[in-house]
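In: Predicted model follows, preceded by the sequence.
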Amino acid sequence: MMVPQNSAIHAGKNERSYDRLSIDADHSDIVKFNNPSDPDYRIIESRIKRLVDDGPQVIRERTAGDRKSEIPG
C-alpha cells in the first residue's frame, strides 16, 4: 500500500528538499538491506556519514545566535 508523500516523510524546519531520500521499500523493509553493496544501503550510509561529518559545524551555526544573546551588552 502506498501512502501520500507528506505521510511518508518527515520534513523538519531545517530540512531542504535534497535531504529527502527516496528508497524503494515499504515501512517494514526500509531498514533491511541485502548487504553493504545494496544501492539503498549505500545511499543511507553516505548520508549518515555526511551528517556526522557536517554535524559539528551545523551545531556551531545553530548555537551561534544563542551565545551572542548571552553576552552582556
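Out: Looks like it arrived, so ask away. Please read all numbers here as calculations on a predicted model, not as lab measurements. Numbering: from 1, shown residues only.
In: so where does Asp66 fall, helix or strand?
Out: Using DSSP states H and E, Asp66 sits in helix 39-70.
In: name the helices or strands packed onto that helix?
Out: Secondary structure elements in contact with helix 39-70, counted by 3 or more CB pairs under 8 Å, 6 or more residues apart in numbering; DSSP states H and E, are absent; no helix or strand qualifies. C-beta coordinates here come from the backbone N, C-alpha and C atoms, glycine included.
In: Now it: buried residues?
Out: Using 16 or more other CB atoms under 10 Å as the test for burial, helix 39-70 gives Asp40, Ile44.
In: now stretch 27-35
Out: Burial within stretch 27-35, assessed by neighbour count using 16+ other CB under 10 Å, is assigned to Phe33.
In: average pLDDT for that stretch?
Out: Across stretch 27-35, pLDDT averages out at 84.
In: any idea how far Ser28 is from Arg42?
Out: As defined by CB to CB, to the nearest Å, Ser28 lies at a distance of 20 Å from Arg42.
In: should've said Asp29
Out: Summarising the geometry, the distance separating Asp29 from Arg42, computed by CB to CB, is 16 Å.
In: Likewise for Phe33?
Out: Distance check for Phe33 against Arg42: by CB to CB, it reads 9 Å.
In: Repeat that for Val58.
Out: From Val58 over to Arg42 the distance is 23 Å, taken as CB to CB.
In: Excluding chain neighbours, what is closest to Arg47?
Out: Sequence neighbours aside, Leu21 is the residue nearest to Arg47 in space, at 6.2 Å (criterion: CB to CB, 6 or more residues apart in numbering).
In: who touches that neighbour in this structure?
Out: Ile43, Ile44, Arg47 (CB atoms under 8 Å, 6 or more residues apart in numbering).
In: swap in Glu45?
Out: Taking CB under 8 Å, 6+ apart, one finds Pro36 in contact with Glu45.
In: Now with 10 Å, please.
Out: With contact taken as CB atoms under 10 Å, 6 or more residues apart in numbering, Glu45 is in contact with Phe33, Pro36, Asp38.
In: How about Asp29?
Out: By CB under 10 Å, 6+ apart, the contact list for Asp29 reads Ile23, Asp40.
In: Three-state assignment for it, please.
Out: Following DSSP: H, G, I helix; E, B strand; the rest coil, we place Asp29 in the coil state.
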